[in-house]
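Q: One predicted model, sequence on top.
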Amino acid sequence: MSHSHPSFSPSAPVFISPCDTYSAEILTDAIRRSFDSLGIKREDFTNKKVVIKPNLVMKKGCEGAATTHPAVLSALLSVLDEYDCQSVVIAESGGGPYTENALHGFYSVCGIEDAIRGHKAVLNYDVSSGTLYAPDGLACKQFESIRPIMDADVIINLCKLKSHSLTRMSAAIKNTFGTIPGLTKFEYHARFSDYTEFNRMLVDLSEMLHRHAFMIDLCDAVIGMEGNGPTGGIPRRIGAILVSRNPFNLDTVASAILSCEHEVPMVAEAASRGYCPKDSADVPVLGYDWQSLIIRDFAAPDSAVTSKNPLYWLPKIAGGAVYRWFSPRPMIRTKTCIGCGECERSCPVHTIRIKRDKNGKKKAYIIPNDCIRCFCCQELCPIHSIDIKKNPVLYLLSRMRK
Ligand code: SF4
Ligand code: SF4
């Protein structure tokens, strides 16, 4: 397999199609038109091993808007059926362990099994992994990667547009984190516990994957998630499909649509490297007049420390310890916690314990001093029993400004 693909072009446009519903006909047409307009040709797929990497962060039905909608996958497969791909594999490492059993659960609950029926595609059950190298990485120069991604000639990054408690927003860049197998993801959280370094690592990963294979980023923004994404937020209609060969351009436009432009650190990091313009207005966009998609009141996650906040700069200037004191933290709602242990297993720094309360019921407890604010626990709690608590001073001041 060749590894000589050019990474991506900073001037690669984003194609936006209006899409109000998950209608198969509209979605297939949108994807076909996007590919045509972006110069993606059938020869790009001929005899190629194609891997589609959806967002399956949690075993949840598509109505929750946490995962890529199966109708988008199905529409993409209809387009790929017309090409002469050597193989088409659906591969993703969602939250938690990366085992055959877990994969089966994700595929079935997230509607992926049904979506591939009748198409020339298979589901990945190979849980082996290997190493991919990122020579241009600034925070990380090698990544553990799931096997299908290692072997891919073409990768279609089939992401979902959502707010995100850790990274502020999840679209193309963040979705590549699911190419790292299972619990190894938690090691990356621990290793890049510094927030800036974590975002730099994500940009390294996206850049590397675009060098490794011919990569297309395709974002399901028909219905996204606002509030406490990536799993605990509320579905919100956005009404579009975004496609690009540059994930950083796609995310820049996506952040503008969600009204959080310049507040997404991984996008700012990409812009500082010259991978995309600083402003969405400078991103080449084709297709729909995307400005009409902007949602001014798109709810931010509770963890968001935005530039509108009066203390946004102070903690950064004053240093890490002060910043940590001010930054939002996870808080377990012990009344509703069922003691399942999912958060304990997902905590990269092992700062959650399951103990019995005075009634003998198992409950989760966080040892706050060691918490690195990665919000993996909040992301993976199956019953959303973990809140993000803002610093009271910060909260009060932000309210006063409204
Ligand atoms: S994952 Fe949620 S329900 Fe399970 S122990 Fe942790 S807080 Fe409780
Ligand atoms: S307690 Fe939650 S937010 Fe804190 S380090 Fe553990 S998983 Fe991350």
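A: That came in fine, so what should we check first? Ligands and ions are numbered 1, 2, ... in the order given.

Q: Please make it C-alpha for all contacts and neighbour counts, starting now.
A: Fine.

Q: which parts of stretch 195-209 are buried?
A: 195, 197-209 (16 or more other Cα atoms under 10 Å).

Q: Which ones among the residues you listed lie within strands?
A: Using DSSP state E, the subset of those located in strands is empty.

Q: Need those in a markdown table (columns: pLDDT).
A: Output for the buried residues of stretch 195-209, formatted as a markdown table (pLDDT from 0 to 100):
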| residue | pLDDT |
| --- | --- |
| Tyr195 | 89 |
| Glu197 | 96 |
| Phe198 | 96 |
| Asn199 | 97 |
| Arg200 | 98 |
| Met201 | 98 |
| Leu202 | 98 |
| Val203 | 98 |
| Asp204 | 98 |
| Leu205 | 98 |
| Ser206 | 98 |
| Glu207 | 97 |
| Met208 | 97 |
| Leu209 | 98 |
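
Q: Put together TSV for the residues you listed, with distance to Lys60 on each row.
A: As requested, the buried residues of stretch 195-209 are exported to TSV (distance: Cα to Cα, whole Å):
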residue	distance to Lys60
Tyr195	28
Glu197	30
Phe198	26
Asn199	26
Arg200	29
Met201	27
Leu202	25
Val203	27
Asp204	29
Leu205	26
Ser206	25
Glu207	29
Met208	29
Leu209	27
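
Q: Return the member of those residues nearest to ligand 2.
A: Tyr195 (11.8 Å; Cα to the nearest ligand atom).

Q: where's that closest one relative to ligand 1, distance?
A: Applying Cα to the nearest ligand atom, to the nearest Å, the value for Tyr195 to ligand 1 is 23 Å.

Q: residues from the stretch 251-400 of the chain in reach of ligand 2?
A: 330, 346-349, 351-352, 366, 371-377 (Cα under 6 Å from any ligand atom).

Q: what about 8 Å?
A: 329-330, 343-344, 346-352, 366-368, 370-378 (Cα under 8 Å from any ligand atom).

Q: Out of these, just show me the ones up against ligand 1, please.
A: Intersecting those with the contacts of ligand 1 gives 343-344, 377-378 (criterion: Cα under 8 Å from any ligand atom).

Q: follow-up on the earlier one: pull out the buried members of the residues of the stretch 251-400 of the chain next to ligand 2.
A: 329-330, 343-344, 346-349, 351-352, 366, 371-378.

Q: Can you tell me which of these end up in strands?
A: Those of these mapping onto strands are 329-330, 352, 366, per DSSP E.

Q: Reformat the residues you listed as JSON lines; add pLDDT and distance to Ile338.
A: JSON lines is the format used below for these (pLDDT from 0 to 100; distance: Cα to Cα, whole Å):
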{"residue": "Arg329", "pLDDT": "91", "distance to Ile338": "20"}
{"residue": "Pro330", "pLDDT": "95", "distance to Ile338": "17"}
{"residue": "Ile352", "pLDDT": "97", "distance to Ile338": "14"}
{"residue": "Ile366", "pLDDT": "97", "distance to Ile338": "15"}
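
Q: Save those as JSON lines, and put in distance to Gly360 too.
A: Shown next, in JSON lines, are those (distance: Cα to Cα, whole Å):
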{"residue": "Arg329", "distance to Gly360": "27"}
{"residue": "Pro330", "distance to Gly360": "24"}
{"residue": "Ile352", "distance to Gly360": "18"}
{"residue": "Ile366", "distance to Gly360": "18"}
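
Q: can you tell me which two in those residues are farthest apart?
A: Arg329 and Ile352 (13.0 Å; Cα to Cα).

Q: mind checking the SS state of the nearest residue in space to Lys278 that is not next to it in sequence?
A: The shortest distance from Lys278 to any non-neighbouring residue, by Cα to Cα, 6 or more residues apart in numbering, is to Ala271 (5.3 Å). Of the three states, Ala271 takes helix under DSSP: H, G, I helix; E, B strand; the rest coil.

Q: quick one: contacts for Ala271?
A: Each residue near Ala271 by Cα atoms under 8 Å, 6 or more residues apart in numbering is listed here: 248, 277-278.

Q: on that earlier part again, return the subset of the residues of the stretch 251-400 of the chain next to ligand 2 lying in helices.
A: Per DSSP state H, helices hold the following members of these: 343-344, 346, 376-378.
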